[in-house]
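A.B. asks: Need a 3D model of the sequence below.
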Amino acid sequence: MSEKDRLNTIFKLQKGLSDMMNLDRYPKDSEGRISVLCTAIIHEAVELQRTTNWKWWKTPTEFNKAEAREELIDIWHFVVQASLELNLTPDNIIDEYKKKNEINRERQRNGY
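C.D. replies: Next up, the predicted model:
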């Protein structure tokens, strides 16, 4: 299965989930939806961070990769939903990712 096919599957699953949800409280405008999705991504990122031993003053616990993966997938849900809100297709994402990846590589080559 190609990367495009995999992304298409993820987008289809997210669209199906979104279609099932009660969206009465979801903002009606595009900017509002992107704003609340950013908030959700930030909060899920904090939940992911909490799976790590970032508190240097506490006794560390064993890193729970399964829990970390679950939090990361929560982030993916909101990133994919934001992509849908911005009318980005899997093809768009792959193209834009490749462009930005090349910019980042060039930055690294030039001591960014």
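
A.B. asks: Show the pLDDT at Ser83.
C.D. replies: If you check Ser83, the pLDDT there is 97.

A.B. asks: ok, it touching Ile93?
C.D. replies: Yes - if you go by C-beta atoms under 8 Å, Ser83 and Ile93 touch, sitting 6.4 Å apart. Every C-beta, even on glycine, is put in place using the N, C-alpha and C of the backbone.

A.B. asks: who's in contact with the spatially closest residue to Leu72 that is not a sequence neighbour?
C.D. replies: Excluding the flanking residues, the one nearest Leu72 by C-beta to C-beta, 6 or more residues apart in numbering is Leu48, at 5.8 Å. With contact set as C-beta atoms under 8 Å, 6 or more residues apart in numbering, Leu48 has these partners: 68, 71-72, 75.

A.B. asks: contact partners of stretch 5-24?
C.D. replies: 76-77, 80-81, 83-84, 89-90, 93-94.

A.B. asks: can you pull the buried residues of it?
C.D. replies: 7, 10-11, 14 (16 or more other C-beta atoms under 10 Å).

A.B. asks: Least confident of the residues you listed?
C.D. replies: Lowest confidence among the buried residues of stretch 5-24: Leu7, with 92.

A.B. asks: helix or strand for it, which one?
C.D. replies: Under the criterion of DSSP states H and E, Leu7 resides in helix 3-20.

A.B. asks: what's the next secondary structure element after that helix?
C.D. replies: helix 30-49.

A.B. asks: Give the burial count for Pro27, as a bare number.
C.D. replies: 14 (other C-beta atoms under 10 Å).

A.B. asks: same question, Arg109
C.D. replies: 8.

A.B. asks: mind checking pLDDT for it?
C.D. replies: 96.

A.B. asks: For the contacts of stretch 5-24, give me CSV that also has distance to Arg107, neighbour count and secondary structure.
C.D. replies: Shown next, in CSV, are those (distance: C-beta to C-beta, whole Å; neighbours: other C-beta atoms under 10 Å; DSSP: H, G, I helix; E, B strand; the rest coil):
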residue, distance to Arg107, neighbour count, secondary structure
Trp76, 25, 14, helix
His77, 30, 18, helix
Val80, 27, 22, helix
Gln81, 29, 23, helix
Ser83, 24, 19, helix
Leu84, 29, 16, helix
Thr89, 27, 14, coil
Pro90, 26, 20, helix
Ile93, 21, 17, helix
Ile94, 20, 14, helix
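
A.B. asks: Thanks a lot, see you next time.
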